[in-house]
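K.L.:
Turn this into a structure:
(chains A and B)
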There are 2 protein chains.
Amino acid sequence: MVNTFIFGHKNPDTDTIASALVMEDLQKELGNDVQAVRLGEISDETQYALDYFKVDAPALLETPLKGKDVILVDHNEFQQSADDITDATITMVVDHHRISNFETGAPLYYRAEPVGCTTTILKKMYNENSIEIKPEIAGLMISAIISDTLLFKSPTCTDQDKKACEELAEIANVDLNEYGLEMLKAGASVKGKTPEFLLNMDAKSFNMGDKLVRIAQVNTVDVKEVLEIQEDVENEINAIIANEQYDLFVFVITDILNSDSTVIALGKEQQAVAKAFNTELNGNVAVLPGVVSRKKQVVPPIDELLGK
Amino acid sequence: MVNTFIFGHKNPDTDTIASALVMEDLQKELGNDVQAVRLGEISDETQYALDYFKVDAPALLETPLKGKDVILVDHNEFQQSADDITDATITMVVDHHRISNFETGAPLYYRAEPVGCTTTILKKMYNENSIEIKPEIAGLMISAIISDTLLFKSPTCTDQDKKACEELAEIANVDLNEYGLEMLKAGASVKGKTPEFLLNMDAKSFNMGDKLVRIAQVNTVDVKEVLEIQEDVENEINAIIANEQYDLFVFVITDILNSDSTVIALGKEQQAVAKAFNTELNGNVAVLPGVVSRKKQVVPPIDELLGK
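P.N.:
Reported below is the predicted structural model:
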């Protein structure tokens, strides 16, 4: 059995799944015995990308990590990682998030860059190692960049992401706008989804000071479809808060066509959201114009308030 | 006034001072307004290197970090950094240590590689940015590599460190063995030094589980010179333990000619040292054959015991 697993965060999004598969390819090209795995279900958006480029999804991680080496992609915070991550030896991290609740006993290879997408960094690593990028690997990288930057509209998107994506599009032979919009739409349908499903599609927990915060996000082309089931969504959020002891739960509903977000905030630190965004909650809801990025636009102002 | 400071750890060694100066040069070459500073006194070894290559030492950091950007080199653990490090925005880290007690609110550039010396990584960054390395910068890089690897004898030394050092020696136009031994000897004289001085020359604190551990190290060509003042050294260690609430203080006296170490261990977790190295303490002292690296040979076995 392979001794090194590669995986991204829980509630995997397209960047996390793509990065694990791309890193697996890179490590195998370098002669290393590794296996990409996943920590949760594949989203509709990711499945669209996998189908389009004819790549199999990684298997679900079911092996205990005790005694294993792991390579983390697209995350570092332990609460977003495998439950038994502290049993493993982390030998490498490639990520584009803040660093928090992460530690190792020994030196490692850690590479984080403040770019929009992990695969933008991975592309550099292919170049640095003079390894040619296969068309389907380029396709996965493109899908991750489009997903994380909402087709370059997110403020997390850098010139590096855009340039990498354009170069990769030639290798993968796709029209970026056409493919990108189809892929985003495939993941943006909220119709018929249960509140439980929507709240777990892309949710991450954060320690901010002594507070525990959960921020879930969905992309949609029609925010109203979610607000129609607001009461059911709030009941589910309150159940999650009671169960997991969150001080704050923020549900970010992002309109990918208009590039803004509507948030539902609950929990005893609910008012931190109103304060962080200098707005008011109306029936637990606020509209945040121009906000599309959890990492760059939602986490920092709330962390600024609660983290002190 | 400059808005970005660059610094290494407290109790600066040659790698930390050299890395700050080298990073300052690199950032200035890239057009950024930065200033290298230091968090403590320059050691005799480092002064030898600075004098040899005619480079001024960085100034002592005396400005509060509130509102400043900082670039950390050769460390990441906050207890080894500036006292008000959490007031600053850390935009970049280049390091070769384990990651622990480190966090940021926002994404950053973080580059750690498991090599023997920070300047080995910095050399790559010059190459990646196609920036020529000046002779005196090469000299600082060489000095750091020789210091951290004890002239390639430490188990932390990798082929990358050796290769980088040999390439840099050509740029700096020095004979590695001759220069290296002279530099190490300049820093290895313990004669006439007070216990207080010896215990603070190169000391770092570590959180291991819920225990606070201090590990100080001196290099010498004559271990006996230190053991002659053992009683005074122990009195000083016990005073430090009482003052700073350390659970364990380990003083590592490394013989750079024979490549082994004698340790003095005190504190209520004293026996962890005996257990970690499968030996016994005789009058608080143990000899550890072949041990020269705090990072690779001293910290991990003690952390393995206390960190669980």
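
K.L.:
Going by C-alpha atoms from here, please, whenever you check contacts or count neighbours.
P.N.:
OK.

K.L.:
And the strands in the stretch 101-250 of chain A, which stretches?
P.N.:
Using DSSP state E, counting those that start in this stretch, the strands of the stretch 101-250 of chain A run over A:109-112, A:203-208, A:211-220, A:248-255.

K.L.:
now for these, which one comes closest to residue B:230?
P.N.:
strand A:109-112 (39.3 Å; C-alpha to C-alpha).

K.L.:
picking up where we left off before, need the strands of the stretch 101-250 of chain A in a markdown table with mean pLDDT, can you?
P.N.:
Below are the strands of the stretch 101-250 of chain A laid out as a markdown table (pLDDT from 0 to 100):
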| stretch | mean pLDDT |
| --- | --- |
| strand A:109-112 | 98 |
| strand A:203-208 | 92 |
| strand A:211-220 | 95 |
| strand A:248-255 | 97 |
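
K.L.:
okay, how far is it across stretch A:5-14, tip to tip?
P.N.:
18 Å (C-alpha to C-alpha, to the nearest Å).

K.L.:
I'd like the mean pLDDT over that stretch, please.
P.N.:
Averaged over stretch A:5-14, pLDDT sits at 96.

K.L.:
how far out from the middle of the chain is that stretch?
P.N.:
Stretch A:5-14 sits 8 Å away from the centroid of its parent chain (C-alpha atoms, centre = their mean, to the nearest Å).

K.L.:
For it, give me every contacting residue.
P.N.:
A:16-17, A:19-20, A:23-24, A:34-43, A:45-46, A:68-75, A:80-82, A:143-144, A:147-148, A:200-204 (C-alpha atoms under 8 Å, 6 or more residues apart in numbering or on different chains).

K.L.:
Could you list the buried residues of it?
P.N.:
Neighbour counts over stretch A:5-14 (16 or more other C-alpha atoms under 10 Å in any protein chain shown) mark A:5-14 as buried.

K.L.:
got it, and stretch A:142-162?
P.N.:
Quick answer for stretch A:142-162 (16+ other C-alpha under 10 Å): A:142-158, A:161-162.

K.L.:
and what of stretch A:173-192?
P.N.:
Going by neighbour count (16+ other C-alpha under 10 Å), the buried part of stretch A:173-192 is A:174, A:176, A:180-181, A:183-190.

K.L.:
Intersect those residues with the contacts of chain B.
P.N.:
Among the buried residues of stretch A:173-192, no residue is within reach of chain B (C-alpha under 8 Å from any C-alpha of the partner chain).

K.L.:
Of all the strands of the stretch 101-250 of chain A, which one comes closest to residue B:212?
P.N.:
Going by C-alpha to C-alpha, the one of the strands of the stretch 101-250 of chain A nearest residue B:212 is strand A:203-208, 23.0 Å.

K.L.:
which helices and strands does that closest one pack with?
P.N.:
strand A:211-220 (3 or more C-alpha pairs under 8 Å, 6 or more residues apart in numbering or on different chains; DSSP states H and E).

K.L.:
at 10 Å what do you get?
P.N.:
strand A:211-220, strand A:248-255, helix A:299-306 (3 or more C-alpha pairs under 10 Å, 6 or more residues apart in numbering or on different chains; DSSP states H and E).

K.L.:
picking up where we left off before, okay, and which of the buried residues of stretch A:5-14 map to helices?
P.N.:
Secondary structure from DSSP state H places residue A:14 of those in helices.

K.L.:
Can you report how many residues lie near residue A:62?
P.N.:
9 (other C-alpha atoms under 10 Å in any protein chain shown).

K.L.:
which residues touch it?
P.N.:
A:37-39 (C-alpha atoms under 10 Å, 6 or more residues apart in numbering or on different chains).

K.L.:
Out of those, who's the most crowded?
P.N.:
Counting by other C-alpha under 10 Å, top hit in the contacts of residue A:62: residue A:38 with 25 neighbours.

K.L.:
any idea how far the residue lying closest to it once chain neighbours are set aside is from residue B:175?
P.N.:
Using C-alpha to C-alpha, 6 or more residues apart in numbering or on different chains and skipping the chain neighbours, the partner closest in space to residue A:38 is residue A:60 (4.9 Å). Separation of residue A:60 from residue B:175 (C-alpha to C-alpha): 55 Å.

K.L.:
Contact residues of chain A facing chain B?
P.N.:
By C-alpha under 10 Å from any C-alpha of the partner chain, the part of chain A that sits against chain B consists of A:77, A:91-116, A:128, A:156, A:208, A:295-296, A:299-301, A:303-304, A:307.

K.L.:
Try it again at 6 Å.
P.N.:
Residues of chain A lying close to chain B (C-alpha under 6 Å from any C-alpha of the partner chain) are A:97-100, A:103-114.

K.L.:
Now do residue A:138: how many residues are near it, please.
P.N.:
Burial of residue A:138 is recorded as 25 neighbouring residues (other C-alpha under 10 Å).

K.L.:
contacting residues around the spatially closest residue to residue A:206 that is not a sequence neighbour?
P.N.:
Distances taken as C-alpha to C-alpha, 6+ apart put residue A:213 closest to residue A:206, at 5.1 Å, once the chain neighbours are dropped. Counting by C-alpha atoms under 6 Å, 6 or more residues apart in numbering or on different chains, residue A:213 touches A:205-206, A:246-249.

K.L.:
got any ranges where chain A has weak pLDDT?
P.N.:
Chain A contains no residues with pLDDT under 70.
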